[in-house]
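*Asks:* output the structure for:
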Amino acid sequence: MTPRHHPQPDTLIAYMSGTLPNVISAVVACHLALCRECARDARWLAMVGGAMLEGLEAAPADGVAMGRAVAEWSAAAAAPPPAAPCSLLSVPDIDDPVLPAPLTRYLGMGATQVPWKTVVRGVRQHWIALPKGSGQMRLLRLTPGNVLLEHTHTGMELTLVLQGIYGDHTGDYTRGDVIEWTQGTKHQPRASGDEECICLIGSENTPRFSRLMARLLRPIMGF
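*Replies:* You can find the predicted model right below:
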């Protein structure tokens with residue numbers, strides 16, 4: 001199935017330039033693993049960026065800064081090499097029919113191994129641990145017919161559909177589709193179709209819930 005909804009052009013440009021928030025960048029990377037069209041656009045942006053850098057004239061080096069850098073490089077060369085950090089590149093790929101490769105490498109497991117936690121009947125989720133200050137990321141699993149609590153976004157959020165049908169007042173979305181929300185937007189997502197809906201959600205900040213009951217349920221939801 002070919003995705004029909006993609007990140008906004010400025011979002012993809014920001015991803016390629018490394019200026020997106022970490023959690024949003026991670027969701028875009030997962031979308032690229034599922035979308036040939038956006039992966040092609042990303043490669044084109046990389047070539048354009050490289051060509052632009054090649055055309056720039058080098059600025060004259062600051063003598064004091066250069067001397068400090070040389071001293072630091074010399075000290076680093078004399079020190080014993082540090083232990084090799086754990087890298088996602090060293091983690092073998094997991095061929096999973098639901099989770100995209102960047103996510104299975106980060107989690108070290110496929111969808112059937114995810115330790116889902118029940119929020120309410122028909123709604124399960126798994127919070128994904130991220131470095132401090134990176135934002136919030138979770139996998140959400142819904143049975144068809146479930147409607148989530150209405151909420152307003154307090155920052156940028158990207159939702160990537162991995163299975164089933166996820167929708168709201170803007171329409172329905174299927175595997176590989178990205179729904180992009182900005183600060184101040186309000187919606188009430190739902191799951192439809194014949195199979196469970198699984199989504200990857202990356203948020204800069206905690207959303208603001210509209211109703212008192214929803215706010216009381218925040219600790220159960222993990223917010």
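
*Asks:* quick check, central residue of the chain?
*Replies:* Val27 (2.1 Å; CA atoms, centre = their mean).

*Asks:* just checking, that residue is part of a strand?
*Replies:* No: counting by DSSP: H, G, I helix; E, B strand; the rest coil, Val27 falls outside a strand, being helix.

*Asks:* so it touches Ser203, yeah?
*Replies:* No: contact status for Val27 versus Ser203: not in contact, 9.5 Å apart, counting by CB atoms under 8 Å. The way it works is simple: take the backbone N, C-alpha and C, and place the C-beta from them, glycine included.

*Asks:* now do the helices in the chain.
*Replies:* 9-17, 22-34, 36-54, 63-78, 101-107, 212-216, 218-221 (DSSP state H).

*Asks:* separation between Arg121 and His187?
*Replies:* As for Arg121, its distance to His187 is 22 Å (criterion: CB to CB, to the nearest Å).

*Asks:* who's more crowded, the two?
*Replies:* His187 (17 against 8; other CB atoms under 10 Å).

*Asks:* partner residues bridging the more buried one?
*Replies:* His151 (DSSP bridges).

*Asks:* I figured it hits His169, correct?
*Replies:* Yes: counting by CB under 8 Å, His169 is a contact partner of His187 at 6.2 Å.

*Asks:* sorry, back to before: quick one: common contacting residues for Val27 and Ser203?
*Replies:* Counting by CB atoms under 8 Å, 6 or more residues apart in numbering, the shared contacts of Val27 and Ser203 are Met137.

*Asks:* apart from its chain neighbours, what residue comes closest to Cys197?
*Replies:* In space, and not counting its chain neighbours, Cys197 is closest to Gly164: 3.3 Å by CB to CB, 6 or more residues apart in numbering.

*Asks:* list the contacts of that neighbour.
*Replies:* Leu142, Pro144, Thr174, Ala191, Ser192, Gly193, Glu195, Glu196, Cys197, Ile198.

*Asks:* how does it look with 7 Å?
*Replies:* By CB atoms under 7 Å, 6 or more residues apart in numbering, the residues touching Gly164 are Ala191, Gly193, Glu195, Glu196, Cys197, Ile198.

*Asks:* in a markdown table: those, plus neighbour count and pLDDT.
*Replies:* Shown next, in a markdown table, are those (neighbours: other CB atoms under 10 Å; pLDDT from 0 to 100):
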| residue | neighbour count | pLDDT |
| --- | --- | --- |
| Ala191 | 25 | 93 |
| Gly193 | 15 | 89 |
| Glu195 | 11 | 94 |
| Glu196 | 16 | 95 |
| Cys197 | 24 | 96 |
| Ile198 | 23 | 97 |
